[in-house]
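J.: coordinates for the following, if possible.
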Amino acid sequence: MLSHNEILKRIEQGEIKIFYSFLKSEDGSNIDFYENELEVNLSTPNSLATQFFYKSLYSDRLRMTVGPIAKTHRLLPVAGRKTYKGHHQCTDLRENENKLIIEPFEAVSIASNERIILGARTASIVLPRVTNTDSGLLLTPAYIDPYYNGIMRVVVFNGAEHKQTLSLLEPIAQMFFFSVEGQVDQAFRDSFSSKSVFYGNNWNRIINESVDPFPRRKIPLREQTKFEKLTTNLGRYRASIAKSLVTFGTITFFAALFLAIGKFQSTIDDFKKLEKKLDDNTMKIQTIDKSLPITGNNDIRIKTGNRHGSFNTILDIPTKEISSVWLQIDESYADSLRNIDLNYDIKAGSNSRETVIEFSAILSDIASSDVRIPILWMVVK
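T.: Okay, here's the model as predicted:
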């Protein structure tokens with residue numbers, strides 16, 4: 001690991017280059033954006049960039065600071081956050097009083113204020129700050145290759161049960177530099193831009209050229225459809241109610257415990273009321289659960305030479321309790337599957353508490369090869 005003096009030496013040699021695009025004004029009242037980013041130059045110790053660098057360099061580590069754009073890893077935007085240029089998961093801290101409020105158990109990608117360029121003889125590693133981890137803000141470590149050129153990107157997870165705040169230019173991580181034995185081949189540098197989606201990115205390009213602030217190589221299989229989002233939210237609703245019920249049950253348990261040892265002898269009537277509320281809440285959650293729609297996704301398969309295909313699903317509810325059925329082709333495949341007639345048929349099951357629903361599809365033409373039709377369905381009680 002490079003020492004404080006060795007880091008300064010490599011900056012003077014150009015082996016390590018550090019740039020800042022956001023810095024506080026001289027009086028500290030504002031944070032200014034420098035489109036032509038400011039490079040750390042040790043020969044000009046009074047420049048804003050060099051002064052900020054010296055404050056950030058502590059012993060053998062360089063504090064990485066929060067940049068202006070962050071991205072939540074939740075599917076839906078967080079209420080109260082202004083979205084950034086159509087990127088619904090991204091937010092601009094400058095539009096939120098230079099702050100990012102992280103929700104409990106939320107994961108967020110944060111781009112650093114710093115742009116770093118490393119030469120052939122230097123690598124680095126980004127690690128969490130104890131100040132943040134002590135409060136429940138967890139950060140994923142990252143290794144930075146020689147020849148890297150770009151702003152840093154870290155993932156922060158709020159493991160606490162309360163909201164936490166990060167501010168623009170606040171230290172979020174710390175970078176340690178290492179010397180590489182010999183030097184990395186020039187061919188590696190030539191291939192870097194094709195291997196790293198973040199290579200060469202800077203804040204001027206992101207903000208003024210509308211570049212994606214968080215490009216990624218690993219893309220999710222597909223975005224959730226509206227139907228799947230509804231299913232997810234119904235599951236969260238169930239979990240929320242169950243969590244409240246567990247909490248209430250815990251309170252009841254301790255109330256009963258104290259009662260047993262004579263602590264609450266004078267409040268036995270209150271405990272009975274508490275117990276009745278628990279029974280009432282249990283009935284409420286059972287009632288709500290019974291009224292929630294039943295959802296699913298399945299494939300209808302049509303073999304070569306046929307036009308018709310179907311499948312059956314068995315539900316543990318009486319036929320008379322079904323109000324309506326909703327059915328559609330999965331939106332992800334809508335462009336490739338057209339002219340398909342979807343139908344359903346509700347049938348009595350093997351007993352009075354069982355219902356069978358047959359979902360079927362009919363093609364406009366005979367299938368020239370096997371066809372798989374993914375469908376989404378919902379049964380409303």
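
J.: Ala120 contacts Tyr147, doesn't it?
T.: Yes. Counting by Cβ atoms under 8 Å, Tyr147 is a contact partner of Ala120 at 6.5 Å. (C-beta placed from N, C-alpha, C; glycine too.)

J.: who has more neighbours, the two?
T.: Under the criterion of other Cβ atoms under 10 Å, the comparison of Ala120 against Tyr147 puts Tyr147 first, with 23 against 16.

J.: so that one belongs to a helix, correct?
T.: No. Assessed by DSSP: H, G, I helix; E, B strand; the rest coil, Tyr147 does not belong to a helix; its assignment is coil.

J.: please look at it and Thr122 and confirm they touch.
T.: No. Using Cβ under 8 Å, Tyr147 is not in contact with Thr122, being 9.2 Å away.

J.: residues making contact with stretch 175-191?
T.: Outside of stretch 175-191, the residues within contact range by Cβ atoms under 8 Å, 6 or more residues apart in numbering are 1-2, 6-7, 10, 16, 60-64, 116, 119-127, 144-147, 152.

J.: apply 7 Å and report the result again.
T.: 1-2, 7, 16, 60-62, 64, 120-127, 146-147 (Cβ atoms under 7 Å, 6 or more residues apart in numbering).

J.: give me the buried subset of those.
T.: 2, 7, 16, 61-62, 64, 120-124, 126-127, 146-147 (16 or more other Cβ atoms under 10 Å).

J.: restricted to helices, list those.
T.: Judged by DSSP state H, helices contain the following of the buried ones among the contacts of stretch 175-191: Ile7.

J.: quick check: the farthest pair among the buried ones among the contacts of stretch 175-191?
T.: Distance extremes for those: the farthest pair is Ala120 and Leu127 at 23.2 Å, using Cβ to Cβ.

J.: any low-confidence regions in the protein?
T.: For the chain, the stretches flagged by pLDDT under 70 are 187-199, 217-275, 277-279, 281-291, 331-338.

J.: which residues sit in contact with the residue nearest the centre of it?
T.: Centroid check for the chain by Cα atoms, centre = their mean gives His73 as the closest residue, at 1.0 Å. Applying Cβ under 7 Å, 6+ apart to His73 gives the contacts Ala107, Val108.

J.: and if you look at Val211?
T.: With contacts defined as Cβ under 7 Å, 6+ apart, Val211 is in contact with Asn201, Arg205.

J.: how close does it get to Val66?
T.: Per Cβ to Cβ, to the nearest Å, Val211 is found 19 Å from Val66.

J.: which residues sit against stretch 53-61?
T.: Outside of stretch 53-61, the residues within contact range by Cβ under 7 Å, 6+ apart are 1-4, 7, 18, 40, 62-63, 65, 174-176.

J.: repeat that with 6 Å
T.: For stretch 53-61, the surrounding residues in contact (Cβ atoms under 6 Å, 6 or more residues apart in numbering) are Ser3, His4, Val40, Leu62, Arg63, Gln174, Phe176.

J.: ok so the last one is a strand residue?
T.: Translated: Phe176. Yes. Assessed by three-state DSSP, Phe176 belongs to a strand.

J.: what's the neighbour count on the closest residue to Asn201 other than its chain neighbours?
T.: Once flanking residues are discounted, Asn201 sits nearest to Gly150: 4.7 Å by Cβ to Cβ, 6 or more residues apart in numbering. Gly150 sits with 21 neighbouring residues when counted by other Cβ under 10 Å.

J.: now swap in the one 10 residues further on and tell me
T.: Residues within reach of Ala160, counting by other Cβ under 10 Å, total 14.

J.: any chance you could map the strands in the stretch 1-150 of the chain?
T.: Using DSSP state E, counting those that start in this stretch, the strands of the stretch 1-150 of the chain run over 16-24, 31-39, 57-58, 61-72, 83-84, 87-92, 99-102, 107-118, 122-128, 137-139, 142-144, 149-158.

J.: ok, the residue nearest to Lys24 when sequence neighbours are not counted to Arg61 distance?
T.: Leaving aside its sequence neighbours, Lys24 sits nearest to Ile31 (Cβ to Cβ, 6+ apart; 5.6 Å). Distance, Ile31 to Arg61, by Cβ to Cβ: 23 Å.

J.: residues in a beta bridge with Leu57, which ones?
T.: On the basis of DSSP bridges, Leu57 is bridged to Leu62.

J.: show the contacting residues for the spatially closest residue to Arg94 that is not a sequence neighbour.
T.: Leaving aside its chain neighbours, Arg94 sits nearest to Pro68 (5.3 Å; criterion: Cβ to Cβ, 6+ apart). Contact partners of Pro68, counting by Cβ under 6 Å, 6+ apart, are Asp92, Leu93, Arg94, Leu168.

J.: check these and tell me the two furthest apart.
T.: Pairwise over the contacts of Pro68, using Cβ to Cβ, the maximum falls at Asp92 and Leu168, 9.7 Å.

J.: got the phi and psi for the nearest residue to Ala107 once chain neighbours are set aside?
T.: Closest residue to Ala107 apart from its sequence neighbours, by Cβ to Cβ, 6+ apart: His73 at 4.2 Å. Note on His73: backbone dihedrals following degrees, to the nearest 10 are phi -100, psi 10.

J.: give me the neighbour count for Phe359.
T.: Using other Cβ under 10 Å, Phe359 has 21 neighbouring residues.
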